[in-house]
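Asks: pasted the sequence and its predicted model underneath.
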Amino acid sequence: MADEKEREQSIHVNTSQETRKLLLNLSRRLDLSQAETIEKALELLDQNNPQ
């Protein structure tokens, strides 16, 4: 049971890291206001998923 919960947490962290990477790559291609919106989303993601 503990292994299952640990595996789920690991998947969640990996998904969060992948999401963060994709958002960072996307923000580099956008204009400033869109990039700022993504930066804010990344900050919220970090707050909700502390590393």
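Replies: Sure, I can see it. Nothing here was measured: the structure is a model prediction, and the numbers come from that model. Residues are numbered from 1 along each chain as shown.
Asks: quick one, longest helix in this protein?
Replies: helix 2-27 (DSSP state H).
Asks: show me what it is packed against.
Replies: Using 3 or more C-beta pairs under 8 Å, 6 or more residues apart in numbering; DSSP states H and E, the elements in contact with helix 2-27 are helix 32-48. Every residue, glycine included, has its C-beta placed from N, CA and C.
Asks: related to what we said a few turns ago, for the longest helix of the chain, give the mean pLDDT please.
Replies: Helix 2-27 carries an average pLDDT of 77.
Asks: and that helix, what's buried?
Replies: 20, 27 (16 or more other C-beta atoms under 10 Å).
Asks: give me the distance between it and the centre of its chain.
Replies: Distance of helix 2-27 from the chain centroid (C-alpha atoms, centre = their mean, to the nearest Å) equals 7 Å.
Asks: and the angle from it to helix 32-48?
Replies: Put simply, helix 2-27 runs at 160 degrees to helix 32-48, going by axes from the mean of the first three to the mean of the last three C-alpha atoms, to 10 degrees.
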